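Chemist: predicted coordinates and the sequence they were generated for:
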Amino acid sequence: MLIGLIFIAFGPSYSYSLIRLLCGQKWSDGEAPTVLRYYCIYIFFLAMNGTSEAFLHAVADENQLKRSNDMLLVFSSIYVVLNIMLIKSTGAVGLLMANSLNMLLRIIYSATFIKKYFQDSSSFSFHECFPSGSTVLLLSGLATLTSEKIFLDKENFWPLFFCWVDLLLHISLCHLCP
């Protein structure tokens, strides 16, 4: 989950710069940075889903696993409908949104199971499942998104890059925040 938090904290704000540096203006001024931003968010959902479903499958009895599989079939049906609708309206971003919503439904189902599993335990808390420092990472993400809006000039990217001043200010926030 920590890797997912790192991606969600820094990926969205540096996707434009990364694509511009690696692939050039043709790709950076298109849909690619937006798709990469959504993909970074999707990685977080994948991490949460993997962790929660692993726990569910490790402790559930046969009937609970059957019910879980039935719900996965329902979520898959919803995913197909969302996929068709969102891809038609928003392209590749729609695919990532449909996948993220599917993961979110699965996370909610697993979280409900986990909450019931620990209902008699006063020592369990979902908040404690997150790695320490996750709040700092999310605040760092907000800081880097803000710095992107302030310091990154997409029209003058290369003069800015060779000048280094504003770009380094934007990139240095990544290293100062955690």
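Modeler: Received it, and whenever you're ready, just let me know what you need. Residues are numbered from 1 along each chain as shown.
Chemist: I'd assumed T112 was in contact with F126.
Modeler: No. Applying Cβ atoms under 8 Å as the test, F126 and T112 come out as separate, 11.3 Å apart. For every residue, glycine as well, the C-beta is placed using N, CA and C.
Chemist: can you map out the strands along the chain?
Modeler: In the chain, no segments count as strands under DSSP state E.
Chemist: grab the most central residue of it for me.
Modeler: I41 (1.8 Å; Cα atoms, centre = their mean).
Chemist: show me what contacts the closest residue to that residue other than its chain neighbours?
Modeler: Leaving out its chain neighbours, the residue that sits closest to I41 by Cβ to Cβ, 6 or more residues apart in numbering is I8, at 5.7 Å. Applying Cβ atoms under 8 Å, 6 or more residues apart in numbering, one finds that I8 lies in contact with C40, I41, I43, F44, L137, L138, G141.
Chemist: from these, which two are the most distant?
Modeler: Using Cβ to Cβ, those span at most 14.5 Å, a distance reached by I43 and L138.
Chemist: these two - which one has more neighbours?
Modeler: I43 (18 against 14; other Cβ atoms under 10 Å).
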